[in-house]
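A.B. asks: only geometry, no sequence info:
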């Protein structure tokens, strides 16, 4: 079962086991994780699910699409090299992912 460790900007961490095929955003919203809004429901049109992936794990994920790259320019907090939209990260079997949420999404 995949696991996601969500760390808020203040350092608080919540660990949640998710379902294979669900997104990091869906898992967060379903479990009331603070810091991930997911306003568009994962349709890649709002950028309110911005996260910073642990730099040691970033290259393990599929590359960002061109649309995701464009959406990251509209985030409330400046994007970093390890920025992703959590709606675009699908959970896979055995995944143990660490992400940090920005201080604000809106």
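C.D. replies: Here it is on my side, so go on. Fair warning: this is a prediction, and the values are worked out from it, not measured in the lab.
A.B. asks: pLDDT weak spots in the chain?
C.D. replies: Low-confidence segments of the chain (pLDDT under 70): none present.
A.B. asks: give me phi/psi at the residue most central in space within it?
C.D. replies: Nearest to the mean C-alpha position of the chain, by CA atoms, centre = their mean, lies residue 86 at 2.6 Å. Dihedral angles of residue 86 (phi, psi; degrees, to the nearest 10) stand at phi -70, psi -20.
A.B. asks: equivalent analysis for residue 30, please.
C.D. replies: phi -60, psi -30.
A.B. asks: where do the strands sit along this protein?
C.D. replies: Remark: strands assigned in the chain by DSSP state E are 3-7, 13-17, 50-53, 83-85, 96-100.
A.B. asks: mind putting the ones you listed in a markdown table, distance to residue 69 and mean neighbour count included?
C.D. replies: For glycine as for every other residue, the C-beta is placed from the backbone atoms N, C-alpha and C. Listed next are these as a markdown table, based on distance: least, CB to CB, whole Å; neighbours: other CB atoms under 10 Å:
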| stretch | distance to residue 69 | mean neighbour count |
| --- | --- | --- |
| strand 3-7 | 22 | 19 |
| strand 13-17 | 27 | 13 |
| strand 50-53 | 13 | 25 |
| strand 83-85 | 10 | 24 |
| strand 96-100 | 18 | 18 |
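A.B. asks: got these as CSV, with distance to residue 36 columns?
C.D. replies: Putting the strands of the chain into CSV (distance: least, CB to CB, whole Å) gives the following:
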stretch, distance to residue 36
strand 3-7, 7
strand 13-17, 11
strand 50-53, 7
strand 83-85, 10
strand 96-100, 9
